[in-house]
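Asks: Turn this into a structure:
(2 chains)
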Amino acid sequence: MTQIPERADFDLIASWVQPGERVLDLGCGDGSLLKRLIEERGARGYGVELEDAEVLAAIRNGINVIQGNLEQGLSGFDDQTFNHVVLSRTLQTVRHTERILGEMLRVGREAVVSFPNFAYWKNRMAIMAGRMPVSEDLPYEWFDTPNLRFFTLLDFEALCAKMDLVIRERQVLDDAGHLVTEEPNFLGSLAVYRLGR
Amino acid sequence: MSGVGIVSAQRAHFSQLLALKGGSVLPAFDLVYETYGTLNAARSNAILVCHALSGNHHVAGRTADNPANIGWWDNIVGPGRPLDTDRFFIVGLNNLGGCHGSTGPASPNPATGKPWGADFPVVTVEDWVDSQARLADHLGIDAWAAVMGGSLGGMQAMQWTLSFPERVRHALVIAGAPKLSAENIAFNDVARQAILTDPDFHGGHFYEHGVRPLRGLRLARMLGHITYLSDDQMAEKFGRRLRTGAGSYGFDVEFEIESYLRYQGDKFAGVFDANTYLRMTKALDYFDPAQDFDDDLARALARAKAKFLVVAFSTDWRFTPARSREIVHALVHNGQAVAYAEINSAHGHDSFLMDEPHYHAVVDSYLKRVKL
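Replies: Numbering: from 1, shown residues only, chains lettered A, B, ... in the order given. The predicted structure is shown next:
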């Protein structure tokens, strides 16, 4: 992943977090987002991460990282403990999609979810040309991708409707990290949602 | 990489009364300790290493009289190691009630002049922390940069944050638990019964009979040792191998695992005190900081001001990762600072003593963040 779109994703999330709020970042990696939310927004942050190397990197970054597997849910975290529960570019790698979304809104008042849009026009072009897409936001080959779920903005919103999740805000970015306002399911490479109950 | 080299123990005498949780009072006591590295001018770089059931003050280095006598956690202490003696001042002690020089059941009872034996009080984790605070005063350490321990040592690290919230900035709770389970207590009781029913125990006053309850202590250690290892590790290390290649259809040592356990039991019984063993296991059993808070661990931990590193090991079935996660989730509930790593290791509960690179990297990375 390149730095530019990641920053754009983080910029949006950072703008939604108020000083003193508690944030849980699921799949927090090395804790870059949390570090930023803590330093720039005065948030109190925790991260959950599975991979040893990322946990180590997060500890190096001084992050409250908790090693654990999202597929096993968030048992142990109490109801409504966090103002925001973030799942940045990770939903597509989770098998138990509905469960994790439900868990996010159990432990937090708001779920912030970002994911690559499989219906982005460049991805559609790749498929039209007969190849699975590899892009800034889908940077893997089909044989080594950690992604399990391939879905679009429309697919995701249909799931939200089915689960009675309220979409409070949606922002869509192209692969240069610029905001997309028109035809988001075609022109958007990465979507960021704020969800509530 | 070399460690801390030749070390020697020191002794501190404390002449003020120590009131114990069990209701009795120790009129005075000694603690034996070792230190590694140098206390800085601000006295802000001290780390206390608390020992587990059978540990002592000899955490690292070698003793001058016996170069084979290497400290029990030597692999983690030294220049460039996670507990970096170029940066930190490390203190290890033998706990009160121990049998490696600190006041304990084999020490003379000032009231009688004879060894305390059975009359030495049962000491708790809280009592240990109180006595360790006296040692901190003695060393001129107002606040530890960190208190750290594995297993029962991790319980002491936790208790420090509760007994003296202002005096510990970081707590490293390794292979720990917020309290023992019924199964844990059951194992401890079988170990105690082995000692208590040994005819050479003499109700705890065996010193004056010139004997030691070696059989009981040996059995206690054999049982304990089984619970410190993992099934996989035992299978790999010993399997079903026989020492002679064929069964003798008798009851002598046949399987390699039997040989190993008996060796460990004998070695331990030769150097450890049965009265100390009884008291160490009781301290484990009694530890339960949530007890006074309606079993609500989060409420119990709320007064802690330290930041926590909690580490658990995948094959530890004595104190499973789930037990460590109880501590983690209570801290998260309170909004307290905590990092948690779950280490893949084959070595069961004993993993915390092993030189496992990722585990040591976690501790090293955490301690590098500790400001002096």
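
Asks: Where does pLDDT dip in the chain?
Replies: If you meant another chain, say so; for now it's chain A. Low-confidence segments of chain A (pLDDT under 70): A:1-7.

Asks: Chain B is the one I meant
Replies: For chain B, the ranges with pLDDT under 70 are B:1-2.

Asks: hmm, try it at 80
Replies: B:1-2, B:245 (pLDDT under 80).

Asks: Chain A contacts on that one?
Replies: Contact residues, chain B versus chain A (Cβ under 8 Å from any Cβ of the partner chain): B:309, B:325-326, B:328-329, B:332-333, B:335, B:337-342, B:344, B:358, B:361-362, B:365-366, B:368-369. (C-beta placed from N, C-alpha, C; glycine too.)

Asks: roughly how far is stretch B:352-360 from the heart of the chain?
Replies: 17 Å (Cα atoms, centre = their mean, to the nearest Å).

Asks: wait, I meant stretch A:130-148
Replies: Per Cα atoms, centre = their mean, the centroid offset for stretch A:130-148 relative to its chain is 17 Å.

Asks: And the helices in chain B?
Replies: B:125-139, B:152-163, B:182-196, B:214-228, B:231-237, B:256-271, B:274-286, B:297-301, B:321-334, B:357-368 (DSSP state H).

Asks: In the longest one, which residues are buried?
Replies: Put plainly, it is helix B:256-271. Residues of helix B:256-271 classed as buried by neighbour count (16 or more other Cβ atoms under 10 Å in any protein chain shown): B:256-258, B:260-261, B:264-265, B:268-269.

Asks: Next, the angle from that helix to helix B:214-228.
Replies: 130 degrees (axes from the mean of the first three to the mean of the last three Cα atoms, to 10 degrees).

Asks: In the stretch 1-150 of chain B, what residue lies closest to chain A?
Replies: Residue nearest to chain A within the stretch 1-150 of chain B (Cβ to the nearest Cβ): B:P82, separated by 11.9 Å.

Asks: you'd agree that residue is up against B:H358?
Replies: No. B:P82 is beyond contact range of B:H358, at 11.7 Å (criterion: Cβ atoms under 8 Å).

Asks: Residue of chain A closest to chain B, please.
Replies: A:G76 (4.0 Å).

Asks: which phi and psi does that residue have?
Replies: phi 100, psi -30 (degrees, to the nearest 10).

Asks: In contact with it, which residues?
Replies: A:G76 sits next to B:325-326, B:328-329 when contact means Cβ atoms under 8 Å, 6 or more residues apart in numbering or on different chains.

Asks: Can you flag the buried ones in those?
Replies: For these, buried by 16+ other Cβ under 10 Å: B:325-326, B:328-329.

Asks: okay if I get those as TSV plus distance to A:F118?
Replies: Compiled in TSV, these are given as follows (distance: Cβ to Cβ, whole Å):
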residue	distance to A:F118
B:R325	35
B:E326	40
B:V328	36
B:H329	35
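
Asks: Would you point out the most distant pair within those residues?
Replies: Within the buried ones among the contacts of A:G76, B:E326 and B:V328 form the most distant pair, 7.3 Å apart (Cβ to Cβ).

Asks: In chain A, what residue spans correspond to strands?
Replies: A:22-26, A:44-49, A:65-67, A:82-88, A:108-116, A:166-173, A:179-180, A:190-196 (DSSP state E).

Asks: Stretch B:328-347: which residues count as buried?
Replies: B:328-334, B:336-343, B:345-347.

Asks: swap that for stretch A:179-191, please
Replies: Those would be A:180, A:184-185, A:187-191, for stretch A:179-191 by 16+ other Cβ under 10 Å.

Asks: center of the chain, which residue is that?
Replies: No chain in the question, so chain A it is. By Cα atoms, centre = their mean, chain A has its centre lying nearest to A:S88, at 1.9 Å.

Asks: right idea, wrong chain: chain B
Replies: Geometric middle of chain B (Cα atoms, centre = their mean) lands on B:A52, at 1.0 Å.

Asks: gap between it and B:N69?
Replies: Going from B:A52 to B:N69 by Cβ to Cβ, to the nearest Å gives 18 Å.

Asks: B:T38 too?
Replies: Distance, B:T38 to B:N69, using Cβ to Cβ: 23 Å.

Asks: before we move on, the earlier item: pick the most deeply packed of the helices of chain B.
Replies: Mean neighbours per residue, mean count of other Cβ atoms under 10 Å in any protein chain shown, is largest over the helices of chain B for helix B:152-163, with a mean of 27.

Asks: and the angle from it to helix B:125-139?
Replies: Comparing the axes of helix B:152-163 and helix B:125-139 via the same axes, to 10 degrees yields an angle of 80 degrees.

Asks: Let me see the contact set for B:V328.
Replies: With contact taken as Cβ under 8 Å, 6+ apart, B:V328 is in contact with A:66, A:76, B:308, B:310, B:338, B:340.

Asks: again, only this time at 10 Å
Replies: A:46, A:64, A:66-68, A:76-77, B:173, B:308, B:310, B:312, B:321, B:336, B:338-340, B:342 (Cβ atoms under 10 Å, 6 or more residues apart in numbering or on different chains).

Asks: sorry, back to before: determine which two of the buried residues of stretch A:179-191 are furthest apart.
Replies: A:N185 and A:L190 (12.2 Å).

Asks: intersection of neighbour lists for those two?
Replies: Shared contacts of A:N185 and A:L190 (Cβ under 10 Å, 6+ apart): A:117, A:120, A:172.

Asks: Make JSON lines out of the residues you listed and add neighbour count and distance to A:L195.
Replies: Listed next are those as JSON lines, based on neighbours: other Cβ atoms under 10 Å in any protein chain shown; distance: Cβ to Cβ, whole Å:
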{"residue": "A:N117", "neighbour count": "28", "distance to A:L195": "16"}
{"residue": "A:Y120", "neighbour count": "29", "distance to A:L195": "21"}
{"residue": "A:V172", "neighbour count": "23", "distance to A:L195": "15"}
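
Asks: Report the beta-bridge partners for A:V113.
Replies: Each beta-bridge partner of A:V113 is listed here, defined by DSSP bridges: A:L87, A:Y193.

Asks: from memory it sits against A:F151, does it?
Replies: No. Taking Cβ atoms under 10 Å as the definition, A:V113 is not a contact partner of A:F151, at 11.5 Å.

Asks: In terms of neighbours, single out the busier of those two.
Replies: A:V113 (25 against 18; other Cβ atoms under 10 Å in any protein chain shown).

Asks: what residues are up against that one?
Replies: A:26, A:85-91, A:100-101, A:104, A:156, A:160, A:165, A:167, A:170, A:191-195.

Asks: one more time with 6 Å
Replies: With contact set as Cβ atoms under 6 Å, 6 or more residues apart in numbering or on different chains, A:V113 has these partners: A:87, A:91, A:193.

Asks: which among those gets closest to B:G113?
Replies: A:L87 (69.1 Å).
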